[in-house]
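1. mind looking at a prediction? Sequence and model below.
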Amino acid sequence: PVFLEVNNVFGGTKLIVPSNWDIQNDVTAIFGGVEDKRNLQMLKPDPMKKVFIKGTSLFGGIEIANH
C-alpha cells in the first residue's frame, strides 16, 4: 500500500493514480475538496493496490486523475 499525507493551503494537488487502484480518502477539507476524476470503466479494484490519503485541504483541492 501507498500512504500519502497531503496538506494544501490556497493551492492544489493533482495525483495520477491508475483506475484499478483503491483509494481510501481521509482528508479534512475546509472550503476545498477531494475529487476523483478517474475513468473507472467497470474495473474491479486490485485488493493489493491501495492508496491511503490523509491530510488537510484549506482553500484548495486535491484532484485524482489517470491517463
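-> Received it, and whenever you're ready, just let me know what you need. Residues are numbered from 1 along each chain as shown.

2. all contacts plus neighbour counts: C-alpha atoms, from now on.
-> Fine.

3. which secondary structure element of the chain has the lowest mean pLDDT?
-> strand 33-36 (a mean of 90; mean pLDDT, DSSP states H and E).

4. can you name every helix or strand that that one contacts?
-> strand 61-65 (3 or more Cα pairs under 8 Å, 6 or more residues apart in numbering; DSSP states H and E).

5. so how far is Lys37 from the nearest residue to Asp36 once chain neighbours are set aside?
-> Among residues not flanking Asp36 along the chain, Ile64 sits closest, at 4.7 Å (Cα to Cα, 6 or more residues apart in numbering). Ile64 is 6 Å from Lys37, where distance means Cα to Cα, to the nearest Å.

6. more neighbours: those two, which one.
-> Under the criterion of other Cα atoms under 10 Å, the comparison of Ile64 against Lys37 puts Ile64 first, with 17 against 12.

7. give me the below-cutoff pLDDT ranges for this protein.
-> 42 (pLDDT under 70).

8. residue contacts, the most centrally placed residue in it?
-> Nearest residue to the geometric centre of the chain (Cα atoms, centre = their mean): Ile64, 4.7 Å. Contacts for Ile64 (Cα atoms under 8 Å, 6 or more residues apart in numbering) come out as Lys14, Leu15, Ile16, Val17, Val34, Glu35, Asp36, Lys37, Arg38.

9. what's the burial count for the third one?
-> The local packing count at Ile16 equals 13, with neighbours defined by other Cα under 10 Å.

10. hmm, back to that, now the very next helix or strand once past the least confident helix or strand of the chain - C-alpha only, CSV.
-> Later in the chain than strand 33-36, the nearest helix or strand by DSSP states H and E is strand 50-58. Provided in CSV are the C-alpha atoms of strand 50-58 (Å, rounded to 0.1, in the frame of the first residue of the first chain):
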residue,chain,number,x,y,z
LYS,A,50,-4.3,0.7,-2.2
VAL,A,51,-3.6,4.4,-1.7
PHE,A,52,-4.3,5.9,1.7
ILE,A,53,-4.6,9.7,1.6
LYS,A,54,-4.7,11.8,4.7
GLY,A,55,-4.2,15.5,5.4
THR,A,56,-5.9,18.9,5.2
SER,A,57,-7.0,21.0,2.3
LEU,A,58,-7.7,24.6,3.2
